[in-house]
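Peer 1: sequence and computational prediction follow.
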Amino acid sequence: MNIVLHRACYRIINQSSIPTLLKYVQKGQGSTSANTQAFAENALTLLTAVSKHSPALYQSHMGELTKALTDERKSTTVEVGLQALANVIRWDSKLAMVDKSVSSYFRCYVIV
């Protein structure tokens, strides 16, 4: 029962906090402020943990994650988006994208 409760509820993050965390990661790149960079690093840590352990939280944010892949100047944002999308597809292959420009990145990452 402990495992079910541990996986069912998150104290720090939920589905509605994903866009905010993505914005923190985007703002943190290239910023000179120590606070902004610290927020970005913490958001990156949380998003990486969600990608590994509970990719279902990203299901309703597929569009935002796809937009994160388009900004090639911000490598950390692209990395987070790609990792999240790859793990969502591993979790539910029915959510695979049809867009060929994004899916080429995607296939490489999922295979690795």
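Peer 2: Perfect, I can see it now. Numbers count the residues shown, from 1 in each chain.

Peer 1: give me the most central residue, the chain.
Peer 2: residue 84 (3.9 Å; Cα atoms, centre = their mean).

Peer 1: could you point out the longest helix of this protein?
Peer 2: helix 34-53 (DSSP state H).

Peer 1: picking that back up, quick check: the residue nearest to the centre of the chain touching residue 53?
Peer 2: No: in this structure, residue 84 is not within contact of residue 53 by Cβ atoms under 8 Å, at 12.0 Å. Heads up, the C-betas are built off the backbone N, CA and C, glycines and all.

Peer 1: count of neighbours near residue 17?
Peer 2: A count of nearby residues for residue 17, using other Cβ atoms under 10 Å, gives 16.

Peer 1: then residue 49?
Peer 2: 13.

Peer 1: from residue 73, how far off is it?
Peer 2: 25 Å (Cβ to Cβ, to the nearest Å).

Peer 1: now do residue 64
Peer 2: 17 Å.

Peer 1: neighbour count: the two, which is higher?
Peer 2: Set residue 64 next to residue 73 and count neighbours by other Cβ under 10 Å: residue 64 wins out with 15 against 8.

Peer 1: how about that one, secondary structure?
Peer 2: Taken by DSSP: H, G, I helix; E, B strand; the rest coil, the conformation at residue 64 corresponds to helix.

Peer 1: residue 82 now?
Peer 2: At residue 82 the chain is in helix, as set by three-state DSSP.

Peer 1: okay, and for this protein, where does confidence drop off?
Peer 2: Where the chain drops to pLDDT under 70, the residues are 1, 4-12, 93-112.

Peer 1: let me see the ranges of the helices in this structure.
Peer 2: Going by DSSP H, the chain shows helices at 2-8, 18-28, 34-53, 62-70, 75-91, 100-111.

Peer 1: just the CA coordinates of the third one, formatted as CSV?
Peer 2: This file holds the C-alpha atoms of helix 34-53, laid out as CSV (Å, rounded to 0.1, in the frame of the first residue of the first chain):
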residue,chain,number,x,y,z
ALA,A,34,22.2,33.9,-9.1
ASN,A,35,18.6,33.5,-7.9
THR,A,36,17.3,32.9,-11.4
GLN,A,37,20.0,30.4,-12.1
ALA,A,38,19.3,28.6,-8.8
PHE,A,39,15.5,28.5,-9.7
ALA,A,40,16.4,27.1,-13.1
GLU,A,41,18.7,24.4,-11.7
ASN,A,42,16.0,23.3,-9.2
ALA,A,43,13.4,23.3,-11.9
LEU,A,44,15.7,21.2,-14.1
THR,A,45,16.2,18.7,-11.3
LEU,A,46,12.4,18.4,-10.7
LEU,A,47,11.7,18.0,-14.4
THR,A,48,14.3,15.3,-14.8
ALA,A,49,12.9,13.4,-11.8
VAL,A,50,9.4,13.6,-13.3
SER,A,51,10.7,12.4,-16.7
LYS,A,52,12.3,9.4,-15.1
HIS,A,53,9.7,8.4,-12.6
